[in-house]
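Engineer: generate a structure from the sequence data that follows.
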Amino acid sequence: MGRIGLALTLAGTAALLPGCFAEPVACPAIGHVAGVSLAVAADYADDVASLRLKACQDGICTEKDLMLNPGATAVDQGCTPDGVCSATSSPDGTLQGFLELPALSESPLQATVTGTSPAGIALPLRTLTITPTGDYPYGEQCGRVISAALTLDEEGLRQR
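Structural biologist: Here you go, the predicted structure:
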């Protein structure tokens, strides 16, 4: 191979090198608050006036009265011919609460829920041990998100 062939080979190789390096990927500019979310099923929501959630993990317990907000579901409103899509929010009859746990990990977590009915009567004490789950919803380059989600209904407490 002559000098011209070597020069062309080197130039071709140099042109391909940028394809060997990963392009930086932007992560969404949203924060994640670690904690336990609790949904009260729609068919049980009328029986609940207040709830208190206690979560214990790795020997540390956090407990607070939950602020219960009406839950909603997204309703697809379709797309226009030029590809613009939209959705709206519609109440679904559930109640939603959240307990912040900044040190949430994937080790077992014991959740205990107490509360009162609208008549002021104590609701049954519910306890469940769950394992929070981790995922990379925005790709591995954006970090791991750990979450724990519970549902409370007439039958009891379960992991979502």
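Engineer: tell me the confidence at residue 140?
Structural biologist: At residue 140, the model reports a pLDDT of 89.
Engineer: quick one: low-confidence parts of the chain?
Structural biologist: 1-23 (pLDDT under 70).
Engineer: okay, helices next: where are they in it?
Structural biologist: Taking DSSP state H as the test, the helices found in the chain are 3-16.
Engineer: longest strand in the chain, please.
Structural biologist: Identified as the longest strand of the chain according to DSSP state E is strand 85-100.
Engineer: list the helices and strands that strand packs on?
Structural biologist: strand 35-40, strand 50-57, strand 60-65, strand 69-79 (3 or more Cβ pairs under 8 Å, 6 or more residues apart in numbering; DSSP states H and E). The way it works is simple: take the backbone N, C-alpha and C, and place the C-beta from them, glycine included.
Engineer: can we see that at 10 Å?
Structural biologist: strand 35-40, strand 50-57, strand 60-65, strand 69-79, strand 145-153 (3 or more Cβ pairs under 10 Å, 6 or more residues apart in numbering; DSSP states H and E).
Engineer: let me see the contact set for residue 60.
Structural biologist: 101, 103 (Cβ atoms under 10 Å, 6 or more residues apart in numbering).
Engineer: that one and residue 103: what is the separation?
Structural biologist: 7 Å (Cβ to Cβ, to the nearest Å).
Engineer: excluding residues flanking it in the chain, which one is nearest residue 144?
Structural biologist: Leaving aside its sequence neighbours, residue 144 sits nearest to residue 134 (Cβ to Cβ, 6 or more residues apart in numbering; 4.9 Å).
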